[in-house]
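J.: Build the 3D model from these lines:
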Amino acid sequence: MDRRAALITLCELEGYSAKAAGRRLGIPAATAKRWIRKYRTTGQTGNLRSPGRPHVSTEAEDARLVDEARLDPLRTSRQLREASHFPASRQTAVRRLRHAGLRGRVAAVKEKLSDEHKIYRLAFAYANVDRNWENVVFSDESIFTTANEGRRFVYRPRGTRYDPGYVAACNRSGHVSISCWGWISSRGAGQLHRIEGHLASAQYLHIMSNIMMPSVRVLQPHGVIQFQQDQSPIHTSRVVQEWFAGQPEIDLIDWPPRGADLNPMENMWAEVKRTLWDSWPEADPPRNRDDLWDLVSEAWLEVGEGDRFVRHLIDSMPRRMERVIHAEGSWTEY
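T.: Take a look at the predicted model:
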C-alpha cells in the first residue's frame, strides 16, 4: 500500500486527522491535508491529470491535413499545410501526420512507368509466375567508380554534421570508372567481364560469344541456355537480335521494359558495391582502372562465394512476379 492510500485509510476508517495521520506516516501536514481534501472532493486517490495545452487545430482540420498527405504524399509539409488550410505550425502538422502513421522518409526514386509499361510488366508477371527459374542466366552491366556517390552513414553527436571528422570526402576530380558485365544463375555467380571503352553492339556480341556462352557451359554443360537481358538499345539492336536468332543453344527471354526490379542482377550489383566500399583501402586507394578492376573482381568473388546470396536472389523470382501482379504492374520493393 502506498503512503497516500495508507493516509486515506487512517483518516477515513480509523478516525485520524490528516495532520495526525501524516505525522504517523512521515508526510508533511500540508501535503496530508491536500491529499485528504482532494480525496473527499473528487474521490480520487491519485493526482488529477493535467488537461495540458489545448489543441490549436480541430479534428476536422487534422483529418483534412492527413487526407491531403494520402492524396499526394510527395508534397512537403508546407505544401500540405497550404492545401489543407491547416492553422498550426509546420512542426504541429508533422506531429499530426506522425500520429496518423505518416512519417517523413526519403522517397525511392524510380523511372516513371507509363500505362504501356505497366501492361507489359503485368503480362510478363502473369506469364512467368509459375516459371522454373533454375536454368535462367541473368545478365547486366554496371559502372564502378572511385568516387563514392552513394549514401554514407556516420555516427556523430548532434550539431557536428559539418565537422571535418564526420564529413565523408568525395574526390570528384581525378576519379576513375570502369564498366563491367556479369551474369548469375542458380548455380552461382558467373564470370565478371570488364568492358573496354563504350559498349557497342560489336563488343556486346564478343561478350556473348566468347565470355557468356563458354562460362555458362562450365556450370551448365548441356541443354538450352535460357538467357535474360534487359531492353537497352544495345541489346535490342538489329545486329544483336539477328545473332540471337541464329543461336539454337540460346532461348532469349522476352524481358519487359522497365524491368529492373525483376532482375536479380540489380541486387547483385548493389551487394558487390557495398562489399567494395566496406573493404575500401583508404590508405592506398586505386590509382587507375586496373587497380579498380582488381578490387571489383575481389568483391564479386566474395559476394558469390558459397552461392548462398545468389541462391537467395534466384529463389526470390516467384515472389517478384507475385509482387508485380499485386502492384498491378507498378514498381515493387525489389
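
J.: mind listing the strands for the stretch 201-334 of the chain?
T.: All strands of the stretch 201-334 of the chain, identified by DSSP state E, counting those that start in this stretch, fall at 225-228, 250-252.

J.: average model confidence for the last one?
T.: Same thing as strand 250-252. Mean pLDDT, computed over strand 250-252, is 95.

J.: neighbouring contacts of it?
T.: With C-beta atoms under 8 Å, 6 or more residues apart in numbering as the test, strand 250-252 has contacts from Met213, Val224, Ile225, Gln226, Phe227, Gln229, Phe244. The C-beta positions use only the backbone N, C-alpha and C, and glycine is treated the same way.

J.: biggest separation within the residues you listed, which pair?
T.: Greatest spatial distance in these: Val224 and Gln229, 15.6 Å, computed using C-beta to C-beta.

J.: Have a look at those two and say which one is more surrounded.
T.: Between Val224 and Gln229, counting by other C-beta atoms under 10 Å, Gln229 is the more crowded of the two (24 against 12).

J.: Run through the stretch 201-334 of the chain and note the low-pLDDT ranges.
T.: For the stretch 201-334 of the chain, not a single residue meets the criterion pLDDT under 70.

J.: rewinding a little: using ChimeraX, make a named selection holding only the buried ones among the contacts of strand 250-252.
T.: To isolate the buried ones among these in ChimeraX, judged by 16 or more other C-beta atoms under 10 Å, type:
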select :213,225,226,227,229
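
J.: Among the contacts of strand 250-252, which one sits closest to Arg78?
T.: Set against Arg78, the nearest of the contacts of strand 250-252 by C-beta to C-beta is Gln229 (44.5 Å).

J.: List the residues that contact that closest one.
T.: By C-beta under 8 Å, 6+ apart, the neighbours of Gln229 are Ser139, Asp140, His235, Leu252, Trp255.

J.: With distance to Thr58 and neighbour count added, can I get those residues in JSON lines?
T.: Shown next, in JSON lines, are the contacts of Gln229 (distance: C-beta to C-beta, whole Å; neighbours: other C-beta atoms under 10 Å):
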{"residue": "Ser139", "distance to Thr58": "58", "neighbour count": "21"}
{"residue": "Asp140", "distance to Thr58": "53", "neighbour count": "20"}
{"residue": "His235", "distance to Thr58": "57", "neighbour count": "18"}
{"residue": "Leu252", "distance to Thr58": "61", "neighbour count": "16"}
{"residue": "Trp255", "distance to Thr58": "53", "neighbour count": "18"}
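
J.: So which of these is the closest to Lys33?
T.: Asp140 (79.6 Å).

J.: Spatially nearest residue to the closest one, not counting backbone neighbours?
T.: Met265 (3.7 Å; C-beta to C-beta, 6 or more residues apart in numbering).

J.: wait, isn't that neighbour in contact with Ile184?
T.: Yes - when contacts are counted by C-beta atoms under 8 Å, Met265 is listed as touching Ile184 (6.3 Å).

J.: remind me which residues of the stretch 1-150 of the chain are low pLDDT?
T.: For the stretch 1-150 of the chain, residues meeting the criterion pLDDT under 70 lie at 1, 46-53, 106-109, 148-150.

J.: at 80 what do you get?
T.: In the predicted model of the stretch 1-150 of the chain, residues 1-2, 42-55, 104-111, 147-150 satisfy pLDDT under 80.

J.: Okay, helices next: where are they in it?
T.: Ranges of helices in the stretch 1-150 of the chain, per DSSP state H, counting those that start in this stretch, are 3-13, 18-25, 29-42, 59-71, 77-84, 90-99, 115-128.

J.: Alpha carbons only: can I get the third one in PDB?
T.: Taking only C-alpha atoms (Å, rounded to 0.1, in the frame of the first residue of the first chain), the coordinates of helix 29-42 have been written out as PDB:
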ATOM      1  CA  ALA A  29       0.900  18.200   7.300                       C
ATOM      2  CA  ALA A  30       0.200  20.500   4.300                       C
ATOM      3  CA  THR A  31       0.600  17.600   1.900                       C
ATOM      4  CA  ALA A  32      -1.500  15.300   4.000                       C
ATOM      5  CA  LYS A  33      -4.300  17.900   4.200                       C
ATOM      6  CA  ARG A  34      -4.200  18.400   0.500                       C
ATOM      7  CA  TRP A  35      -4.400  14.700  -0.300                       C
ATOM      8  CA  ILE A  36      -7.400  14.200   2.100                       C
ATOM      9  CA  ARG A  37      -9.200  17.300   0.700                       C
ATOM     10  CA  LYS A  38      -8.700  16.100  -2.900                       C
ATOM     11  CA  TYR A  39     -10.000  12.600  -2.000                       C
ATOM     12  CA  ARG A  40     -13.100  14.000  -0.300                       C
ATOM     13  CA  THR A  41     -13.800  16.400  -3.100                       C
ATOM     14  CA  THR A  42     -13.100  14.100  -6.200                       C
END
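
J.: Buried residues, that helix. List them.
T.: For helix 29-42, the neighbour count (16+ other C-beta under 10 Å) marks Ala32, Lys33, Trp35, Ile36, Lys38, Tyr39 as buried.

J.: between those, which is closest to Pro248?
T.: Looking at the buried residues of helix 29-42 and their distance to Pro248, the nearest is Lys38, at 92.0 Å (C-beta to C-beta).
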